[in-house]
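**Student:** have a look at this prediction, sequence included:
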Amino acid sequence: MIFSKYEFFLRFIPCKKIKSISLIEREKIITKAEKKVADYLDVFNYTKLFENFEKLKYILLNNNQVLCFDYIKNRKHSDIFKENYNEKIFETIQYFKDKFKEHNFDIYDIKLLENCNNEFKELLTTDNLK
């Protein structure tokens, strides 16, 4: 839809009394269209993520490994939920506590710590873990 200069200017004025009925209807149509496009953005983002993952496979693996990778069995749901996350969390906390003591952080550790939430940072910096 093409707006005239007058309609374009009125679109940004918050008072709807000044706007014409056709402009208000156009805005409603555009709003509905934006909502429909937003629904499809999730699909596009998933597709982009999948394509980036495929590129990563080809960078890290050779052609034979990529083919084998495509045929790896998926884990069963029961196996996924059997994992002991408490032990993994404890090991992760110990890992970062050791890094704090030694002041031996690599780039990835620093980025992870910058982006984790405050509760986890406090847990890592306190000495109440045995």
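**Tutor:** Everything's here; your move. Residues are numbered from 1 along each chain as shown.
**Student:** following the helix or strand bottoming out on mean pLDDT in the chain, which helix or strand shows up next?
**Tutor:** One helix or strand of the chain scores below all others by mean pLDDT, DSSP states H and E: helix 5-11, with a mean of 68. Proceeding N to C from helix 5-11, the next assigned helix or strand is helix 21-60, under DSSP states H and E.
**Student:** just checking, what packs against the following helix or strand past that following helix?
**Tutor:** Next helix or strand after helix 21-60 toward the C-terminus (DSSP H and E): helix 63-70. With contacts taken as 3 or more C-beta pairs under 8 Å, 6 or more residues apart in numbering; DSSP states H and E, helix 63-70 sits against helix 21-60. Glycine gets a C-beta too; all of them are placed from N, C-alpha and C.
**Student:** quick one: distance of stretch 77-89 to the chain centre.
**Tutor:** In terms of C-alpha atoms, centre = their mean, to the nearest Å, the centre of stretch 77-89 is found 23 Å from the chain centre.
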